[in-house]
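Chemist: Fold the stuff below for me.
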Amino acid sequence: MKFLFRIYNRYFAKDRDLADRLRPVLGFTPANLAIFKLAFSHKSSTTTDKTYAHNNERLEYLGDAVLGTIVAEYLFKKYPGSDEGFLTKMRSKIVKRQSLNKIADRMGLDMILAEYNNTRLSRSMLGNAMEALVGAVYLECGYKATRNFVIRKMLMNHINIHELESYDDNYKSQLLEWCQKNGQTVTYKLLARYKFEKRDRFKVAVIVDGEKIATADDFNKKSAEQMASERALVALGILSEEDIEEHDD
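Modeler: Take a look at the predicted model:
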């Protein structure tokens, strides 16, 4: 039955343009186009089509859980001699918001988001859509096919696993270690909490020995602290812009 729906969606469905956009991303034409369209519907966008008036947050929640499980299993098998701490750090590097934003951008999800939302796109919307897409693939195909999609389409194509092994992306920890070595104190201050695109957004500052060194905004407070720490490391001359750009590419 799915085969017939996939043929119909490819050639005859009203949303066959979406099917065309998704085929190179997924490797197949979806049978349930509605669930994939929902994956790209951000809550800040309004629509006159009441069928899709809800947003992708539930799919994002599901995709986050499925993605975390698949990455954990992948790392568990790839590194049979590694301890829990190493595996946890590696999983965090892969599934963190910044990584998912990059993967989604490289997979061309920004073009699909722009097509199905009438709001200004933010960087975080890419990562949200990436998780929602994983959730949609899981509902369409089940765990085994979703695992293949995550490993082959996401990890193998867009993540350098071996580079991540030695790369320390915990900027907050790096800054704390530097301050301890140099006899300085580091604290974080919440400067503002405000609404942006109907979501809470946090602005935090990094304060070293009483001096504000850097600030950053994000939808997640911990992420904002990491971003501010990264900027502080650059401002203090501990990291260079080239170091950051090398790992952002």
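
Chemist: show me where this protein has helices.
Modeler: Under the criterion DSSP state H, helices of the chain are mapped to 2-11, 16-26, 33-39, 57-78, 84-95, 97-106, 109-116, 123-141, 143-148, 156-158, 161-166, 171-181, 221-235, 241-248.

Chemist: Which one of the ones you listed has the poorest average confidence?
Modeler: Ranked by mean pLDDT, the helices of the chain bottom out at helix 241-248, with a mean of 56.

Chemist: Now do the nearest residue to Asn9 once chain neighbours are set aside against Leu33, distance only.
Modeler: In space, and not counting its chain neighbours, Asn9 is closest to Ala19: 4.7 Å by Cβ to Cβ, 6 or more residues apart in numbering. Any C-beta I mention is one placed from the backbone N, CA and C, and that applies to glycine too. Noted for Ala19: a distance of 6 Å to Leu33, by Cβ to Cβ, to the nearest Å.

Chemist: what sits against Ala104?
Modeler: Asp110, Leu126, Gly127, Ala129, Met130 (Cβ atoms under 8 Å, 6 or more residues apart in numbering).

Chemist: just the residues you listed now: which is nearest Leu59?
Modeler: For these, the closest approach to Leu59 (Cβ to Cβ) belongs to Ala129, at 9.2 Å.

Chemist: Which neighbours do Ala19 and Leu33 have in common?
Modeler: The contact sets of Ala19 and Leu33 overlap at Asn9, Ala13 (Cβ under 8 Å, 6+ apart).

Chemist: Report the backbone C-alpha coordinates of stretch 128-144 in PDB.
Modeler: What follows is stretch 128-144, C-alpha atoms only, in PDB (Å, rounded to 0.1, in the frame of the first residue of the first chain):
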ATOM      1  CA  ASN A 128      14.400  21.800  15.000                       C
ATOM      2  CA  ALA A 129      13.400  20.700  11.500                       C
ATOM      3  CA  MET A 130      16.200  18.200  11.400                       C
ATOM      4  CA  GLU A 131      14.900  16.500  14.500                       C
ATOM      5  CA  ALA A 132      11.300  16.700  13.300                       C
ATOM      6  CA  LEU A 133      12.300  15.100  10.000                       C
ATOM      7  CA  VAL A 134      13.900  12.200  11.900                       C
ATOM      8  CA  GLY A 135      10.600  11.900  13.700                       C
ATOM      9  CA  ALA A 136       8.700  11.800  10.400                       C
ATOM     10  CA  VAL A 137      11.000   9.200   8.900                       C
ATOM     11  CA  TYR A 138      10.500   7.100  12.100                       C
ATOM     12  CA  LEU A 139       6.700   7.200  11.800                       C
ATOM     13  CA  GLU A 140       6.900   6.500   8.000                       C
ATOM     14  CA  CYS A 141       9.500   3.700   8.000                       C
ATOM     15  CA  GLY A 142      10.200   2.400  11.500                       C
ATOM     16  CA  TYR A 143      13.400   2.200  13.500                       C
ATOM     17  CA  LYS A 144      15.600   0.200  11.200                       C
END
